[in-house]
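Undergrad: Dropping the sequence and predicted coords here.
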Amino acid sequence: MKLVEVKGITFVEGGVCAAKGFKANGVQCGLAHKPLGEMAEANAAANNAIPAAKKKNDLALIVADKMCEAAAVYTTNKVKGAPILVTKEHIRDGKARAVIVNSVNANTCNPDGVEKAVKMCQLAAKSLGIDEKDVIVASTGVIGQVLPIEPIANAMDGLAEGLTYDGNKRALEAIMTTDTAEKEIAVQFELGGKTCTMGGMLKGSGMIHPNMATTLTFLTTDAAISSEMIQRALSDIVKVTLNRASVDGDTSTNDMVCIMASGDAGNKPVTNDDGDFEKFRHALYAIMMNLARMMARDGEGATKLIECAVKGADTDAVAEKVAKSIIGSSLIKAMIFGEDANAGRIFCALGYSDADFDISKVDIEMASDGGVIQLGKKGCVIEFSEELAARILKEEEIKILVSLGDGKGRAIAWGCDLTYDYVKINGDYRS
């Protein structure tokens, strides 16, 4: 999938290992099971992707050479996975050194969940020779099944011994569930005359909705910045990236985005809201915006990415409500899958959004590499070329462009189409 370029940002290779001082690894410890492989293959078939292997990596480790400043943002779901409870406690001091994460089993709604999450931290810490409270822990997969700790314990020493400065791909594979596409990115930018690097990887394909979105996202940077400023930047950027991506309207229990900053780039530490902080936020946006797009495009069973851009609103908040309403509409998602330019469905989604606007000022267009077409003007559906509309909708990336009037508020949100394969993938997720 083509990356969206951001001014002043250079894309580089390496994912979470691109920044100085970070190693990673991923192994197959024995958590993966047949249904996971079948789901991944079904999603791969829907997206014309290469089927996932039956036995994939399911345990990952990311480790910094030294103590890092750290921050995280979590799901808004009231039911939270045990790893989130443990991680919140561990990074309360704004410090972290490592991330341990497993797929297949979410370790959620289990009586021994916290105990198992703590044990994962202890096992990682022992193999690395660090304090267990400096370990971030995360899990993803089936909710409500007891997490077996023995496979993780047996694999931990080998996982740690296999850490390398180019192990990002092995780690990335380990966090994927029904994902069919790798989601990683790295960028370089300047702070105080020093070249800084930031990298990230994300898993997320289903159970995704704008309440942090369903994702495990791990970010690393060699920029020197305080944990307080990282937290501020992360909390802000999540709102305009991952919180604007939706696949199916479900918000997961295990969502987490965390970032570790080593300071190895040697820039003057960012400790207040100055020009360097804005540059850091800019780089973080470039990473997370592109990851959000990748996640939406790889929605379970999806064949198309939907981007809704809203302008002319009284405020950004109004524009955001409209954009989210449109990309979250099941009827619009099905419409895009069927390549049917039904403008009435877009007006409908506008109407039930919790946003104030004057319908008589609303214009709607649809665009892709196949062209641009106007579907609505001043609140009414207008005649348009069905031939041009069909050509536009055959593309893999579809844009819905909405103008609410002459205000300055604007927002972008991302979603995907709704296909037959979404039901197929989720109909037997557990069994």
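TA: Yep, it's here.

Undergrad: which residues sit against the host helix or strand of residue 126?
TA: Here residue 126 sits within helix 113-128, counting by DSSP states H and E. Residues from elsewhere that reach helix 113-128 (CB atoms under 8 Å, 6 or more residues apart in numbering): 61, 63, 81-83, 85-86, 90, 97-98, 100, 102, 107, 110, 131-135, 137, 139, 147, 149, 152-153, 156-157, 159-161. In short, each C-beta sits where N, CA and C put it, glycine included.

Undergrad: quick one: buried residues of that helix?
TA: Under the neighbour-count criterion of 16 or more other CB atoms under 10 Å, helix 113-128 has 113-114, 116-125, 127-128 buried.

Undergrad: From the chain's centroid, how far away is that helix?
TA: 25 Å (CA atoms, centre = their mean, to the nearest Å).

Undergrad: Using CSV, write out every CA atom in that helix.
TA: Presented in CSV, the C-alpha positions along helix 113-128 are these (Å, rounded to 0.1, in the frame of the first residue of the first chain):
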residue,chain,number,x,y,z
GLY,A,113,-5.2,-12.9,33.8
VAL,A,114,-3.2,-10.4,35.8
GLU,A,115,-1.1,-13.2,37.3
LYS,A,116,-0.2,-14.4,33.8
ALA,A,117,0.6,-10.9,32.5
VAL,A,118,2.9,-10.3,35.5
LYS,A,119,4.5,-13.7,34.9
MET,A,120,5.2,-12.8,31.2
CYS,A,121,7.0,-9.6,32.5
GLN,A,122,9.0,-11.7,35.0
LEU,A,123,10.1,-14.2,32.4
ALA,A,124,11.2,-11.5,30.0
ALA,A,125,13.0,-9.6,32.7
LYS,A,126,14.9,-12.6,33.9
SER,A,127,16.1,-13.5,30.4
LEU,A,128,17.1,-9.9,29.8
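
Undergrad: continuing past that helix, what's the next helix or strand?
TA: strand 135-139.

Undergrad: For that next one, what does the pLDDT average out to?
TA: The pLDDT scores in strand 135-139 average 97.

Undergrad: Partner strands of it and their direction?
TA: strand 95-102 (parallel) (DSSP bridges).

Undergrad: Show me what the strand it pairs with is in contact with.
TA: Counting by CB under 8 Å, 6+ apart, 29, 31, 58-64, 66-70, 90, 120-121, 123-125, 128, 130-131, 134-141, 147, 152, 174-175, 216, 218, 227, 258, 260 sit against strand 95-102.

Undergrad: Can you flag the buried ones in those residues?
TA: So, by 16+ other CB under 10 Å, the buried ones in the contacts of strand 95-102 are 29, 31, 58-64, 68-70, 90, 120-121, 123-125, 128, 130, 134-141, 147, 152, 174-175, 216, 218, 227, 258, 260.
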